[in-house]
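Chemist: dropping a prediction and its sequence here:
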Amino acid sequence: MARIKIEWQNNVGRWQYFQTRANEADAYRSARNRARSTGQRHRLVDEDGRLLDVIEP
């Protein structure tokens, strides 16, 4: 099973680790909800470092 990292972009443009999820759909929902609540960009990265998605607030 793939592990999906959720990262968020801080105010100087650096990506910060937020959490890891085992399910891509669950990771997307978590990132989307947090992006809406914080107003920060979030992205999903798989365990090999490949970018899966970027979520805009």
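Modeler: Alright, I've got the coordinates.

Chemist: where along the chain do the strands fall?
Modeler: Listed in chain order, the strands found in the chain under DSSP state E are 4-9, 15-21, 42-46, 51-55.

Chemist: orientation of the third one relative to strand 15-21 in degrees?
Modeler: I take that to be strand 42-46. Counting by axes from the mean of the first three to the mean of the last three CA atoms, to 10 degrees, strand 42-46 lies at 60 degrees to strand 15-21.

Chemist: please renumber so the chain begins at 470
Modeler: From this message on, residue numbering opens at 470, which makes the last subject strand 511-515.

Chemist: in its sheet, what does strand 511-515 sit against?
Modeler: Applying DSSP bridges, strand 511-515 is found paired with strand 473-478 (antiparallel), strand 520-524 (antiparallel).

Chemist: alpha carbons of the last one, in CSV - could you do that?
Modeler: C-alpha atoms of strand 520-524 as CSV (Å, rounded to 0.1, in the frame of the first residue of the first chain):
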residue,chain,number,x,y,z
LEU,A,520,4.2,14.9,-7.0
LEU,A,521,0.6,13.6,-7.2
ASP,A,522,-1.5,16.7,-6.7
VAL,A,523,-1.4,20.4,-5.6
ILE,A,524,-4.4,21.7,-3.8
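
Chemist: which other residues reach that strand?
Modeler: 473, 493, 497, 500-501, 504, 510-515 (CB atoms under 8 Å, 6 or more residues apart in numbering). For the C-beta atoms, the positions are set from N, CA and C on the backbone; glycine is no exception.

Chemist: ok, 6 Å please
Modeler: 500-501, 504, 511-515 (CB atoms under 6 Å, 6 or more residues apart in numbering).

Chemist: restricted to buried residues, select those in ChimeraX.
Modeler: Here is the ChimeraX command that selects only those of the contacts of strand 520-524 that count as buried (16 or more other CB atoms under 10 Å):
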select :500,504,511,512,513,514
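
Chemist: tell me the two of the contacts of strand 520-524 that are most distant?
Modeler: Largest separation among these by CB to CB: 504 and 515, giving 18.6 Å.

Chemist: returning to that earlier point: could I get the strands of the chain as CSV with mean pLDDT?
Modeler: Converted to CSV, the strands of the chain look like this (pLDDT from 0 to 100):
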stretch, mean pLDDT
strand 473-478, 98
strand 484-490, 97
strand 511-515, 98
strand 520-524, 97
